[in-house]
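Colleague: Structural data only, the sequence is not supplied:
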């Protein structure tokens, strides 16, 4: 079974620029998560989708971050404009149903550096 | 509210000696518990999970964990450390609301 695919792996931009990340979850997985992982910390949930609907976006900085999952499969996360504090690894994860007893499967992430 | 505490931010062991990574949780209900490993520049990989079946859970790469409800603990162990075990380890708890709570991580160093 193919894992969660993310691209790009690395991105370097200047502050105030925009950037987008792409995620393709495991086939058939209904739930998709985006996390932000700052160096030396655990992942922080940004947004959770169930199919193409948003379940939880309470920690998403909506003034600059947006995410979509239009057809309930692939997802994109966008930052516009980027700030220095957005430097982090952005991880995408998926699970079959999102139930508490099912593990999340993670991609390798996109490392974002803001200059 | 649910929470996870990983009691050690860094653990160092010699190759071939046992590994113990400690995790305590708080949960109002019977939780599901997971351990993940993260190698440099990689995503999180599932090591094992507890979901209210057997309290001793065996995972990949020789790791296992024991769910102790009375102690609200879910410590990760391995009898003999390998160099390849050097990584960051995360304990995760999920609750009936299907929310997942991550610990702050434990960095494991294996000394040759």
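Modeller: Sure thing, it's come through. Computed from a predicted model, the values in this text were never measured in an experiment.

Colleague: distance of residue A:15 from chain B?
Modeller: 24 Å (CB to the nearest CB, to the nearest Å). Any C-beta I mention is one placed from the backbone N, CA and C, and that applies to glycine too.

Colleague: contacting residues around that residue?
Modeller: By CB atoms under 8 Å, 6 or more residues apart in numbering or on different chains, the contact list for residue A:15 reads A:81-84, A:114-115.

Colleague: same thing but at 10 Å, please
Modeller: Residues in contact with residue A:15 (CB atoms under 10 Å, 6 or more residues apart in numbering or on different chains) are A:81-87, A:114-115.

Colleague: and what of residue A:109?
Modeller: For residue A:109, the contact set (CB under 10 Å, 6+ apart) comprises A:4, A:6, A:9-10, A:21, A:23, A:35-37, A:43, A:88-93, B:38, B:41-44.

Colleague: among those residues, which are in strands?
Modeller: Judged by DSSP state E, strands contain the following of the contacts of residue A:109: A:6, A:10, A:21, A:23, A:35-37, A:88-93, B:38, B:44.

Colleague: residues near residue B:55, how many?
Modeller: 12 (other CB atoms under 10 Å in any protein chain shown).

Colleague: hang on, it packs against residue B:71?
Modeller: No: between residue B:55 and residue B:71 there is no contact under CB atoms under 10 Å: 11.4 Å.

Colleague: returning to that earlier point: closest to residue B:88 out of the contacts of residue A:15?
Modeller: residue A:87 (18.2 Å; CB to CB).

Colleague: for residue B:94, what are its contacts?
Modeller: A:98-104, B:2, B:27, B:31-34, B:49, B:51, B:100-101.

Colleague: So for it, what's the nearest residue that isn't a sequence neighbour?
Modeller: Spatial nearest neighbour of residue B:94, excluding adjacent residues (CB to CB, 6 or more residues apart in numbering or on different chains): residue A:100 at 3.9 Å.
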